[in-house]
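Here is a sequence with its predicted model. Questions after.
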Amino acid sequence: MPKREILEDLEVLEPRISPLGDIEDLLDESEGDVEVLKNGAGSESADSPGEEFGEETVEEGERMDVDPSDKASPDRRDSS
């Protein structure tokens, strides 16, 4: 059986047409979307990664307070 491309070239089969449109047009649009995000014109409410999900991120230079007595010792393992 010959490849579909060959049959399309011989006009035995009609070219497939996507209901979404031309693939090159879709790719051009998606590249434009990426450029918008790189330029910072995206959502202003999401200033740091994860913020759009309600997660807080630690800024560089900020320090997290850790209680040294909370360190898990080998004999304090979770039994589940």
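All right, it came through fine. Just so you know, these numbers come straight off a predicted model, no measurement behind them.

Sketch out the low-pLDDT regions of the protein for me.
Counting by pLDDT under 70, the chain contains low-confidence residues at 30-62, 64, 70-80.

give me that answer again for 80
Low-confidence segments of the chain, defined by pLDDT under 80: 18-80.

Who's the closest spatial neighbour of R4, skipping the chain neighbours?
The shortest distance from R4 to any non-neighbouring residue, by Cβ to Cβ, 6 or more residues apart in numbering, is to L13 (6.4 Å). Quick note: C-beta positions are derived from backbone N, CA and C, even for glycine.

what's the spacing between that neighbour and P19?
Separation of L13 from P19 (Cβ to Cβ, to the nearest Å): 18 Å.

For these two, indicate the residue with more neighbours.
L13 (13 against 4; other Cβ atoms under 10 Å).

Keeping just the C-alphas, turn stretch 2-19 into CSV.
What follows is stretch 2-19, C-alpha atoms only, in CSV (Å, rounded to 0.1, in the frame of the first residue of the first chain):
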residue,chain,number,x,y,z
PRO,A,2,1.5,3.4,-1.0
LYS,A,3,1.9,6.1,1.6
ARG,A,4,-0.9,8.7,1.9
GLU,A,5,1.4,11.5,0.7
ILE,A,6,2.0,9.7,-2.6
LEU,A,7,-1.8,9.0,-3.1
GLU,A,8,-2.5,12.7,-2.3
ASP,A,9,0.2,13.8,-4.8
LEU,A,10,-1.4,11.5,-7.5
GLU,A,11,-4.8,13.1,-6.5
VAL,A,12,-6.2,9.6,-5.7
LEU,A,13,-6.9,10.9,-2.1
GLU,A,14,-7.8,14.4,-1.0
PRO,A,15,-5.5,16.0,1.5
ARG,A,16,-6.7,15.7,5.1
ILE,A,17,-8.0,18.9,6.5
SER,A,18,-7.9,19.4,10.3
PRO,A,19,-11.0,20.9,11.9
